[in-house]
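Peer 1: Could you look at this predicted model? Sequence included:
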Amino acid sequence: MSKGNLIIFSAPSGSGKSTLINYLMSIMDCFEFSISATSRAPRGTEVNGKEYYFLTPEEFKSKIANNEFLEWEEVYTNKFYGTLKSEVNRINAAGKVALFDVDVVGGLNIKKFYGERALSVFIQPPSIAELRKRLESRATDSPEVIESRIAKAEKELTYAPQFDKIIVNDDLEKAKNDLKNLISDFLK
Ligand code: ADP
Ligand code: 5GP
């Protein structure tokens, strides 16, 4: 197995993960997002193979039994979500680096499975107070949702030391530059 073909990003909501991933994808064109599988029905304009791979609960369970998932979860009753091992192979076969945007537990599990082939990156806010400020100024969530994100963030921050690298997103230009250098080094 060759080295350096998947990158995992985890972060508390509001840390700036989307901002930093979008930046990275705008300066390097070698990345492709891993598409999750789910047993929930498609919503609205969702298309199989784009937002998700839509499976029946039976198909999903049979793939669990065949050990085809890197990680999976029953998020709601009979609504399964997970990452297929075949995604990494599909993306790498196309000559691309697979990007994962997942929760901290999923991120650490994927890293454990792939070892040196993977780089796990934790995007950290400078403080909880600043995280709250960003969530408030992003203005996409109600005060209750912001409070639940903050409570979750406090727990998520305790996982940061288990990641390969931590990028502290305080000054955005510095964080972009740190990320660019980190990823360039890993892919070298
Ligand atoms: P996430 O994807 O981690 O939930 P976002 O990328 O949506 O976070 O960022 C949350 C908010 O904080 C957005 O409004 C974004 O523009 C802003 N933001 C991101 N990075 C910084 C930074 N370094 N300084 C100040 N604001 C930032
Ligand atoms: P939605 O149905 O709104 O698209 O997603 C519902 C939940 O499923 C979200 O909390 C999302 O994080 C989670 N989810 C989506 N993809 C995956 C995955 O590949 N693995 C796991 N464990 N959860 C996922």
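Peer 2: It's in. Ligands and ions are numbered 1, 2, ... in the order given.

Peer 1: Can you give me the buried ones in the helix or strand bottoming out on mean pLDDT in the chain?
Peer 2: Ranked by mean pLDDT, DSSP states H and E, the weakest helix or strand in the chain is strand 69-76, scoring a mean of 92. The neighbour-count check on strand 69-76 (16 or more other C-beta atoms under 10 Å) flags 69-72 as buried. The C-beta positions use only the backbone N, C-alpha and C, and glycine is treated the same way.

Peer 1: Quick check: the farthest pair among the residues you listed?
Peer 2: The span of these, defined through C-beta to C-beta, is set by Leu70 and Trp72 at 8.2 Å.

Peer 1: Find the residues that touch each one of these two.
Peer 2: Counting by C-beta atoms under 8 Å, 6 or more residues apart in numbering, the contacts common to Leu70 and Trp72 are 82-83.

Peer 1: List, out of the buried residues of strand 69-76, those positioned next to ligand 2.
Peer 2: Glu71 (C-beta under 6 Å from any ligand atom).

Peer 1: Kindly tell me how buried Leu119 is, as a neighbour count.
Peer 2: Using other C-beta atoms under 10 Å, Leu119 has 23 other residues around it.

Peer 1: Give the bridge partners for it, please.
Peer 2: Ile7 (DSSP bridges).

Peer 1: thought it was touching Ser10?
Peer 2: No: contact criterion C-beta atoms under 8 Å: Leu119 and Ser10 do not qualify, at 11.8 Å.

Peer 1: and the nearest residue to Arg132 once chain neighbours are set aside, what element?
Peer 2: Among residues not flanking Arg132 along the chain, Ile150 sits closest, at 5.8 Å (C-beta to C-beta, 6 or more residues apart in numbering). Assigned by DSSP states H and E, Ile150 belongs to helix 143-157.

Peer 1: No further questions, thank you.
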